[in-house]
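>>> Could you look at this predicted model? Sequence included:
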Amino acid sequence: MTDKEFLSAFESATLERSHWTHDAHVRVAWLYLSKYPVADALEKVRGGIRRLNQAFASAGAAPCRPVDAQNPPGYHDTITVAFVRVIAGRLGAGEKYEAFRERNADLFDRSLSAIRKHYTKKVLFSAKARKGFVEANRAPLPAVGPWGAEPQTGVAPVARGRTKSRAVTATSA
């Protein structure tokens, strides 16, 4: 599926449940971050995941299963925001997705190792973290977009359109 077809299916909440994998979550964040300022990309990822999850629930499809069995399935705001921030911090100017994927294997690890180094299991899988964004308690997340400076990856950041970005609240809508 092309990037355009993938985003269209994601945005219209018509993506097949079997195609909504962990890899697909990373891909959608990368695509939005490659096109929009971080704050806008984050809004699109958050809203799109919620719409897609609602469409799956309405169709009776199995929900996403988190790593922690005591954590109920469905949207998790802290995991979403943390991944968007980590991905934004690793973007390379003009980098193709395949190269980004190869360079960032930990982002595709289903154990969430890319963000688990920032959070303890207790904090990451708490009800509070599921409902709204909770700051990292192990190591700071990358300071990008509305949180601070642009990515410091050793590779120039991707131009993402507008230079001014709206403030983003750290809680879910």
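Nice, I can see it. Numbering: from 1, shown residues only.

>>> only C-alpha atoms for contact and neighbour calcs from this point on.
Will do.

>>> Just give me how far the longest helix seen in the chain sits from the chain centre.
If you go by DSSP state H, the chain has its longest helix at helix 38-58. Put simply, helix 38-58 sits 10 Å off its chain's centre (C-alpha atoms, centre = their mean, to the nearest Å).

>>> Same check on stretch 80-100?
Using C-alpha atoms, centre = their mean, the offset of stretch 80-100 from its chain centre is 10 Å.

>>> Quick one: mean pLDDT over that stretch.
For stretch 80-100, mean pLDDT rounds to 94.

>>> For it, buried residues please.
Across stretch 80-100, burial judged by 16 or more other C-alpha atoms under 10 Å covers 80-92, 97, 100.

>>> Repeat that for stretch 31-39.
Of the residues in stretch 31-39, 31, 32, 33, 34, 36, 37, 38, 39 count as buried by neighbour count, 16+ other C-alpha under 10 Å.

>>> ok, which stretches of the protein are helices?
So, for the chain - with DSSP H - the helices run 3-11, 22-35, 38-58, 77-90, 97-103, 113-116, 121-124, 127-131.

>>> Residue 139 is nearest to which of these?
Between residue 139 and the helices of the chain, the tightest spacing by C-alpha to C-alpha is seen for helix 113-116, at 9.4 Å.

>>> Determine how far that closest one lies from the middle of the whole chain.
Remark: helix 113-116 is offset 12 Å from the chain centroid, using C-alpha atoms, centre = their mean.

>>> what does that helix contact?
For helix 113-116, the surrounding residues in contact (C-alpha atoms under 8 Å, 6 or more residues apart in numbering) are 79, 82, 83, 86, 106, 107, 124.

>>> Next: stretch 50-58.
Contact partners of stretch 50-58, identified using C-alpha under 8 Å, 6+ apart, comprise 10, 11, 13, 14, 15, 17, 62, 63, 74, 75.

>>> okay, now the third one: neighbour count?
Each residue near residue 13 was counted by other C-alpha atoms under 10 Å, and the total is 19.

>>> Distance check, it against residue 22.
Distance, residue 13 to residue 22, by C-alpha to C-alpha, to the nearest Å: 16 Å.

>>> Same question for the last one.
Residue 75 sits at a distance of 13 Å from residue 22 (criterion: C-alpha to C-alpha).

>>> the more surrounded of these two?
More neighbours surround residue 75 than the other of residue 75 and residue 22, with 20 against 14 (other C-alpha under 10 Å).

>>> residues near the closest residue to residue 107 other than its chain neighbours, how many?
If the residues on either side of it in the chain are set aside, residue 107 comes closest to residue 114, at 5.4 Å by C-alpha to C-alpha, 6 or more residues apart in numbering. Counted by other C-alpha under 10 Å, the residues lying close to residue 114 total 19.
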